[in-house]
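*Asks:* no sequence for this one, just the structure:
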């Protein structure tokens, strides 16, 4: 050996494949960035909808004149149409006042803008119709002819008072018209059907009885109607005068107003508070203006009721099937095949279940129920059309494999010793299952159920075929006999997203609503999933320590 | 043990299980078994139900004779020249040679398609009532006319008559139905539309035709002139007066005789009143077209030139009057359609279909359906019901007596044939889905107006004579296309991520990473679809070069960094512990991606130049000749990839982590690097599991609905262009089923789509599951 070689310090051999390890790390990092990024996009865009923005007045040059317009800046961006080399920027402004301008949003070239300011005292008014109005308050015209100018110190307080007053009265009208008069009308329709069947059986006594009831209902209806009209008339008592930045003066009827905000006077705490207040009203209000205004309460409620109904249907069947497969069926190739098939059913596309639901539940079962029990309604389908019951059953069928698999796993995880101990003590098979196996398996069953609920709550495609609609006039559960309206069509958060994003007449106005709805749906689904994950971890830990 | 009884020892009965417990146990056993089996059966019932809905699509027509009504004594079978049916097939009009026509009432039948009708046995409902007497109507052709030619337009309910004395007459039949006490009564009347002489008076008309497009009317005749035959055509005008439509008079006349070689035998005028088809004795077909002031001979060919029998036995229009159904004397049946041939500018006739089965001889009667492309041909006692679009024989059979005239009821539920036995034979026709079948759904079909056979999906159209195009192939291709692009995007990320998580990542991060991925799996697809359409598609539409750069830059950066890093001295390398690489990578990747994204326009300006400026969409269109849509497969691929990444990741990661640790330890102990261990030991062992992960990802992607509905244009096009949209099987169902009437062909076809999806995913998932189970067995033995 030669000396120089011996003296050379030992250089470690390059480890093979380190670069490739980094490549695989990239895969994971990209995946994580994507998840977090996507959630961030939804959360930021969703929250932004509720965050009260400042109102900006833009002054632009138009020839010799200057014109100004005010609104909330939605986005500032490069113009999508490229002109050679120079990039122009544009501002998308939410101007409101759709009744005056024809549209709620406007694009303005940044180069036209001479100055921007945040005018003090500007008022953003949420209305029942035509979306928001934005302008400077001028005066309040009260019923007696009294006029309170905006400069009057009492103005703000009085305005708020009036808004509260008309809101209360609006709720009263709503209750009167929808609940009281609605119940009255429904009763009359029912009586109409009863009268028809009484006529066909020629039961004169019954007809007379029905006619008498109809007469009293009719009298009640007249009284209620006058009362409602009276209230409606009072909604128009007072008016608010606004001056728009484009110069027009508008008189708004007080009864149309929902909420007023002095956007540019809000403090940080005020803005945070308002954000939560917006969030709350978004959750509890009904949608208005083709779903582009108002809230999503019916969609939240519809999703909730459907998910609960689905759980009621899926749990007993899923658990019974799993116990049968694990404890009663003879373990052999057939059960193995059944198990694989059930497992695979979870991978069958949801639309296939929707098609089945439409063909079987709606047309066959619903059609049969209609012809047996609702034949007096003639060709109008009751159960023979999509409804919340069929939607729930369809989703139950879709999620039953999830519950079966989860239950089976948790039943299988119950230590054999515990079961055999119970049997050795003389307990019957059912007693063992009831007292030993099921209690131990409950967390696992719950996990499966929560996963099923999460899947059911987020699913849209099958629901489109079996009963979801863009706007349901009433809720599936309400105070009207028989309280549960299983035949009713309903609204759903997921479908609401689809509908708002793709079928909306005003896509710009709908965009924030879609993000906000998405935000809620994601919150719901994520909460359910996190619950399932936490629960599963607990079980694992419990079984890990309870070794026999 | 001793068996001595200790006082106070309980009796053995105390140890016996109480009867109630046993009873409950028995009951529960029964209940669980029944319930469990019921659920399992119900779950598989889905497949059976969908299959059951689909089966009628593939069944052929059934035809059953229900009534044979003897013609009134005045009508001799030999004198019958035509029959025309009403909508219900209950009051056909029989036209005779002597210029009279008779409405002949037939026993009523309930419409077999009409589910709302009383479901009681139709026979008993109608059998008891006596039939009204036939009403004979004079066609007002003067004294003792002889009809030499009678053509029936079933669609317009019109009779076109040529007489021995050279007159052409058009009579239209009006049916009115009234409903009283749940029974239907139909009355018929005849309108005297037009009687005129186009050629010479007194010379017999061989054949006549008439077309009326509302704006224009054309009449044409073949007239016997001694030995010669003249062919005359004329446009007609209708005087409009204050009192409504006035008399119809000839306007411009055309003599086509000179342009015809051979002896004209039959002629047809289409309902658009622009084309005349003349057929000669030798078997030539001449197609005249009204262009400006003259009829020009647009086409002349011999439809059966390749056959020994060239003579055309029968020829007539199919519904829509774009196609001609012709038979030759040997009974070969072909369909010729108008389409623009390559290089031509005008539509001419070309053969599009030939039926496999031939009739015993040339067709003697022909009756088209007025609601679909079906038609009835008869020769002697053989009757054949065929469907034009799919060239399928729906039914063929022998009838009691040789057929003289035939018609199909307006509702396509009854066949009427006048036999030589002087009876009208009525047949119930049950053929709810004539347009479907294997060939229509999976084969290439030469649709009317198309210049070649193709796979096409277009279920509804604007007109009554529209041909539904129900090929599943474009939808299958669309599904596969979306899936392939989704997997192209998802596989590298998911599998690399799974390898890293299982092999290299510090185990303590698993508790965080796996739930995060599960959250990703739980994102509702409607959210992904909405983001794809509202956020991703507009973002990507003019930034494709940026995306390309990102796709190139990220792996390059990762490998380059890894290579440099591995060469660093140990002191540097120890800053990032093994298993922590992915955290260090997050900011680096984001930075790289941002730089690459921003450099996109520069890259675009350098590479994708069109007309001196960088413009990728334009470049793509000009260079490849393909289209570029905003909502395209790229967007779908990315978002659907998003949906399948977590599934593939989770299953692949499970398969890798479950490789027995002894294998891994052994390899490392022998001095292999962690990468070599992963690649040469772990990966081959777990390969079946990874494959099953890919299969399950495939199954999820192929059935995905909302993302595709929202993020593509849903156009059913073939081809794999990444910047085109597509329509998948699942999206097709979601889009079309709300418009599909219950039990219609479209409804069942959509069920067929669902069945295909079901089978596809079920097979794929089963294969994956079986492979996973094998893998589990394998791990047990190692």
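*Replies:* Great, that's in hand. What you are looking at is a predicted structure, and each value in this text was computed from that prediction instead of being measured. Residues are numbered from 1 along each chain as shown, chains lettered A, B, ... in the order given.
*Asks:* Which parts of the stretch 151-300 of chain A are strands?
*Replies:* A:239-243, A:249-253, A:257-261, A:287-288, A:293-294 (DSSP state E, counting those that start in this stretch).
*Asks:* and what of the stretch 601-750 of chain B?
*Replies:* Going by DSSP E, counting those that start in this stretch, the stretch 601-750 of chain B shows strands at B:609-610, B:613-614.
*Asks:* what do you get for chain A?
*Replies:* A:56-62, A:65-78, A:89-94, A:105-109, A:113-117, A:123-127, A:132-141, A:147-149, A:239-243, A:249-253, A:257-261, A:287-288, A:293-294 (DSSP state E).
*Asks:* Show me the one of those strands that comes nearest residue B:59.
*Replies:* Proximity to residue B:59 (Cβ to Cβ) singles out strand A:287-288 among the strands of chain A, at 47.1 Å. C-betas here are computed from N, CA, C, even on glycine.
*Asks:* tell me what that closest one is packed against?
*Replies:* Here strand A:287-288 touches strand A:293-294, going by 3 or more Cβ pairs under 8 Å, 6 or more residues apart in numbering or on different chains; DSSP states H and E.
*Asks:* average pLDDT across stretch A:280-297?
*Replies:* Stretch A:280-297 carries an average pLDDT of 83.
*Asks:* so how far is the first residue of that stretch from its last?
*Replies:* Using Cα to Cα, to the nearest Å, the end-to-end distance of stretch A:280-297 comes out at 10 Å.
*Asks:* so where is chain A shaky, pLDDT-wise?
*Replies:* Residue ranges of chain A with pLDDT under 70: A:1-14, A:80-86, A:376-379, A:473, A:479-481, A:540-548.
*Asks:* ok, which residues in the stretch 401-550 of chain B are in contact with chain A?
*Replies:* Neighbours of chain A within the stretch 401-550 of chain B, by Cβ under 8 Å from any Cβ of the partner chain: B:492-501, B:503-505, B:513, B:515-520, B:522-527, B:529-531, B:533-535, B:542.
*Asks:* List only buried entries from those.
*Replies:* Neighbour-count burial (16 or more other Cβ atoms under 10 Å in any protein chain shown) applied to those gives B:492-501, B:503-505, B:513, B:515, B:517-520, B:522-527, B:529-531, B:533-535, B:542.
*Asks:* and among the strands of the stretch 601-750 of chain B, the most buried is which?
*Replies:* Per-stretch averages of neighbours, counted by mean count of other Cβ atoms under 10 Å in any protein chain shown, single out strand B:613-614 among the strands of the stretch 601-750 of chain B, with a mean of 16.
*Asks:* Would you pull up how far that one lies from the middle of the chain?
*Replies:* 42 Å (Cα atoms, centre = their mean, to the nearest Å).
*Asks:* is that strand anywhere near chain A?
*Replies:* Yes - looking at strand B:613-614 against chain A by Cβ under 8 Å from any Cβ, the contacts come from residue B:613.
*Asks:* Which strands or helices does that strand pack on?
*Replies:* Using 3+ Cβ pairs under 8 Å, 6+ apart: strand B:613-614 touches helix B:581-607.
*Asks:* What are the buried residues along the helix it packs on?
*Replies:* Quick answer for helix B:581-607 (16+ other Cβ under 10 Å): B:581-586, B:588-589, B:592-593, B:596-597, B:599-601, B:603-604.
*Asks:* Walking through the stretch 1-150 of chain B, point out its helices one by one.
*Replies:* B:19-54, B:122-127 (DSSP state H, counting those that start in this stretch).
*Asks:* Kindly report the same for the stretch 601-750 of chain B.
*Replies:* Using DSSP H, counting those that start in this stretch, helices in the stretch 601-750 of chain B cover B:616-624, B:633-657, B:661-669, B:674-676, B:683-703, B:706-711, B:729-736, B:745-781.
*Asks:* From the contact counts, what lies against the fifth one?
*Replies:* Using 3+ Cβ pairs under 8 Å, 6+ apart as the contact test, the elements touching helix B:683-703 are helix A:350-356, helix B:473-499, helix B:633-657, helix B:729-736, helix B:745-781.
*Asks:* looking at the ones you listed, which is buried most?
*Replies:* helix A:350-356 comes out most buried of the helices and strands packed on helix B:683-703 by mean count of other Cβ under 10 Å, with a mean of 29.
*Asks:* most centrally placed residue in the chain?
*Replies:* I'll assume chain A. In chain A, the residue lying closest to the centroid (Cα atoms, centre = their mean) is residue A:493, at 3.0 Å.
*Asks:* sorry, should have said chain B
*Replies:* Centre-most residue of chain B, counting by Cα atoms, centre = their mean: residue B:470, 0.8 Å.
*Asks:* I'd say it and residue B:435 touch.
*Replies:* Yes - contact criterion Cβ atoms under 8 Å: residue B:470 and residue B:435 qualify, at 6.7 Å.
*Asks:* Need the residues touching each of the two.
*Replies:* Common contact partners of residue B:470 and residue B:435 (Cβ atoms under 8 Å, 6 or more residues apart in numbering or on different chains): residue B:745.
*Asks:* Could you find the closest non-adjacent residue to whichever residue of the stretch 551-700 of chain B sits closest to chain A?
*Replies:* The nearest approach of the stretch 551-700 of chain B to chain A comes at residue B:675, 2.4 Å away (Cβ to the nearest Cβ). In space, and not counting its chain neighbours, residue B:675 is closest to residue A:17: 2.4 Å by Cβ to Cβ, 6 or more residues apart in numbering or on different chains.
*Asks:* Next, format the strands of chain A as CSV and append distance to residue B:553 and mean neighbour count.
*Replies:* Listed next are the strands of chain A as CSV, based on distance: least, Cβ to Cβ, whole Å; neighbours: other Cβ atoms under 10 Å in any protein chain shown:
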stretch, distance to residue B:553, mean neighbour count
strand A:56-62, 38, 16
strand A:65-78, 22, 16
strand A:89-94, 27, 18
strand A:105-109, 33, 16
strand A:113-117, 37, 12
strand A:123-127, 45, 22
strand A:132-141, 44, 21
strand A:147-149, 63, 14
strand A:239-243, 53, 20
strand A:249-253, 54, 14
strand A:257-261, 46, 19
strand A:287-288, 45, 19
strand A:293-294, 44, 20
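*Asks:* Between those strands, which one is closest to residue A:373.
*Replies:* Using Cβ to Cβ, the nearest of the strands of chain A to residue A:373 is strand A:287-288, at 32.7 Å.
*Asks:* Direction included, what does the closest one pair up with?
*Replies:* Note on strand A:287-288: by DSSP bridges, its sheet partners are strand A:293-294 (antiparallel).
*Asks:* any residues touching the strand it pairs with, and which ones?
*Replies:* Here strand A:293-294 has contacts from A:126, A:131, A:285, A:286, A:287, A:288, A:509, A:513, using Cβ under 8 Å, 6+ apart.
*Asks:* Residue B:44 and residue A:342 touch, don't they?
*Replies:* No - Residue B:44 is beyond contact range of residue A:342, at 9.2 Å (criterion: Cβ under 8 Å).
*Asks:* Looking at the two, which is more packed in?
*Replies:* residue A:342 (23 against 14; other Cβ atoms under 10 Å in any protein chain shown).
*Asks:* Could you double-check that that one lies in contact with residue A:405?
*Replies:* Yes - shown here, residue A:342 and residue A:405 form a contact pair, counting by Cβ under 8 Å, at 7.0 Å.
*Asks:* what about residue B:304, how many neighbours?
*Replies:* Around residue B:304 there are 21 residues (other Cβ under 10 Å).
*Asks:* secondary structure element for it?
*Replies:* Using DSSP states H and E, residue B:304 is not contained in any helix or strand.
*Asks:* Not counting its neighbours along the chain, what's nearest it?
*Replies:* With Cβ to Cβ, 6+ apart, the residue lying closest to residue B:304 is residue B:328, at 4.4 Å.
*Asks:* Please report the distance of that neighbour from residue B:390.
*Replies:* Distance of residue B:328 to residue B:390, computed by Cβ to Cβ, to the nearest Å: 22 Å.
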